[in-house]
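Undergrad: predicted structure and sequence below. I'll ask about it afterward.
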Amino acid sequence: MTIGEKLLRLRKNNNFSQEYIAEKTGVSRHTISNWEKDYSKPDIKSIKLLSKLYDIDWVYLITENIRKRPITFKDLSIYTN
């Protein structure tokens, strides 16, 4: 499952609107939509805010598949600008 799929599922399961998530994370509703469609990915600051909002471990969001190896700094570099 992709990050976008997870974000969409989490938002719907919590009955949150995109506007509400945008307000809580300090981004636009359009940005939330782009994340959920996998057009873009949240940066690490937003991932941390989202994990607190949904009460989940932030690693869940960035792990798209079960890995047989540990997550490296190179893996995380796609989430920073």
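TA: Sure, I can see it.

Undergrad: and the nearest residue to E19 once chain neighbours are set aside, how many neighbours?
TA: For E19, ignoring the flanking residues on the chain, the nearest one in space by C-beta to C-beta, 6 or more residues apart in numbering is R29 at 5.2 Å. For every residue, glycine as well, the C-beta is placed using N, CA and C. Applying other C-beta atoms under 10 Å, we find 14 residues neighbouring R29.

Undergrad: run through the chain and note the low-pLDDT ranges.
TA: 65-81 (pLDDT under 70).

Undergrad: show me the helices in it, by range?
TA: Counting by DSSP state H, one finds helices in the chain at the ranges 3-13, 18-25, 29-36, 44-54, 58-62, 73-76.

Undergrad: what does stretch 25-35 contact?
TA: By C-beta atoms under 8 Å, 6 or more residues apart in numbering, the list of residues contacting stretch 25-35 from outside reads 3-4, 7, 11, 18-19, 21-22, 40-42, 46, 49-50, 53.

Undergrad: can you rerun that using 6 Å?
TA: The contact list for stretch 25-35 (C-beta atoms under 6 Å, 6 or more residues apart in numbering) reads 4, 7, 18-19, 21-22, 40, 42, 46, 49.

Undergrad: quick one: buried ones out of these?
TA: Buried members of the contacts of stretch 25-35, scored by 16 or more other C-beta atoms under 10 Å, are 4, 7, 18, 21-22, 42, 46, 49.
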